[in-house]
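S.K.: just to be clear, the model below is a prediction. Sequence and coordinates:
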Amino acid sequence: MNSIIFDVDDTMYDQALSFHHTFRQLVEDSYTYEEIDQIYRTSRKYSEILFDQSERGEISVKEWLTGRIMKACEDFGIPMDVVKAEKFDQVYKQEQNKIELFPEIEELFTRLKKQDKQLAILTNGEEKHQSMKIKQLQLEKWIPKENIFISGTYSVAKPKKEIFDIVASKLGCQPDQTVYIGDSYEKDIVGAKQAGWQAIWMNHRNRTIPLNSPYQPDIEVHNAEELLHYFSE
């Protein structure tokens, strides 16, 4: 593969850590890691649903960001009103200022750059917020700014084929020589396969593919170490 394109959230770093820290600060410190992780996974499920609604203009970005934690807490019988949800989102973003790359991802970027591979990023989200994460992770050490694509900039998001086509056009890459790496089956794997790209599923949350789905990842890995090993073979 000549072009290797990465998702950011929960692919390059552990997104759950920021959630865990925020939850312990603002909601409850006595929950176990496993209990908070269940709430985190539920919030991610609602985040995907509400993000799509915000993209269609059915709800505001604020309603997406606050709604995901409110709905997750509701499922677990945890009180969470709009005011507290807004505070949660603020602290969650502050915690994301502390995110760090998986060490294996950093090593992978260094190896691929030495091999003269074309590296790029395609991530969903608001331009300002995603740019903050990209800066915190120091991704421009390996990936040029013009190879960084944030859905909020283009008003179209994964898994829509249009955003993948925009990336391919701007990078000048051929679909059969392009691989996309991401953690979300629905957004990353489905989107990449619809665009004719190869797809590697960074499935470190051990999710399952929906029944009767026509799309399958070309490779499935369960942690950053496995991903590094795959590219080292």
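M.R.: Structure received. Numbering: from 1, shown residues only.
S.K.: what residues of the helix or strand in which E35 is found count as buried?
M.R.: E35 is located in helix 33-55, with elements delineated by DSSP states H and E. Using 16 or more other C-beta atoms under 10 Å as the test for burial, helix 33-55 gives 36-37, 39-40, 42-44, 46-47, 50-52, 54-55. (C-beta placed from N, C-alpha, C; glycine too.)
S.K.: what does stretch 78-86 give?
M.R.: Buried, per 16+ other C-beta under 10 Å, within stretch 78-86: M80, K84, A85.
S.K.: and V8, what does it touch?
M.R.: If you count contacts by C-beta atoms under 8 Å, 6 or more residues apart in numbering, V8 has them with I121, T123, Q130, K133, I134, L137, L139.
S.K.: which among those residues gets closest to G172?
M.R.: Using C-beta to C-beta, I121 comes nearest to G172 of these, at 16.3 Å.
S.K.: surely the closest one is in a strand?
M.R.: Yes - judged by DSSP: H, G, I helix; E, B strand; the rest coil, I121 forms part of a strand.
S.K.: state the distance from it to Y40.
M.R.: Distance of I121 to Y40, computed by C-beta to C-beta, to the nearest Å: 23 Å.
S.K.: same check on E146?
M.R.: Note on E146: its distance to Y40, by C-beta to C-beta, is 33 Å.
S.K.: cool, and G57?
M.R.: Counting by C-beta to C-beta, the gap from G57 to Y40 is 27 Å.
S.K.: I'd say L228 and E107 touch.
M.R.: Yes - counting by C-beta atoms under 8 Å, E107 is a contact partner of L228 at 6.0 Å.
S.K.: before we move on, the earlier item: convert the helix holding E35 to PDB, retaining C-alpha atoms only.
M.R.: Presented in PDB, the C-alpha positions along helix 33-55 are these (Å, rounded to 0.1, in the frame of the first residue of the first chain):
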ATOM      1  CA  TYR A  33     -12.900   0.600  35.900                       C
ATOM      2  CA  GLU A  34     -15.200  -1.900  34.300                       C
ATOM      3  CA  GLU A  35     -18.400  -0.100  35.400                       C
ATOM      4  CA  ILE A  36     -17.100   3.200  34.000                       C
ATOM      5  CA  ASP A  37     -16.000   1.500  30.800                       C
ATOM      6  CA  GLN A  38     -19.600   0.200  30.300                       C
ATOM      7  CA  ILE A  39     -20.900   3.800  30.700                       C
ATOM      8  CA  TYR A  40     -18.200   5.000  28.300                       C
ATOM      9  CA  ARG A  41     -19.100   2.400  25.600                       C
ATOM     10  CA  THR A  42     -22.700   3.400  26.000                       C
ATOM     11  CA  SER A  43     -21.900   7.100  25.600                       C
ATOM     12  CA  ARG A  44     -19.900   6.200  22.400                       C
ATOM     13  CA  LYS A  45     -23.000   4.400  21.000                       C
ATOM     14  CA  TYR A  46     -25.100   7.500  21.600                       C
ATOM     15  CA  SER A  47     -22.400   9.800  20.400                       C
ATOM     16  CA  GLU A  48     -22.400   8.000  17.000                       C
ATOM     17  CA  ILE A  49     -26.200   8.300  16.800                       C
ATOM     18  CA  LEU A  50     -26.400  11.900  17.800                       C
ATOM     19  CA  PHE A  51     -23.400  12.900  15.700                       C
ATOM     20  CA  ASP A  52     -25.300  11.700  12.600                       C
ATOM     21  CA  GLN A  53     -28.400  13.700  13.700                       C
ATOM     22  CA  SER A  54     -26.300  16.800  14.100                       C
ATOM     23  CA  GLU A  55     -24.800  16.300  10.700                       C
END
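S.K.: endpoint to endpoint, stretch 148-168 covers what distance?
M.R.: Using C-alpha to C-alpha, to the nearest Å, the gap from the first to the last residue of stretch 148-168 comes to 12 Å.
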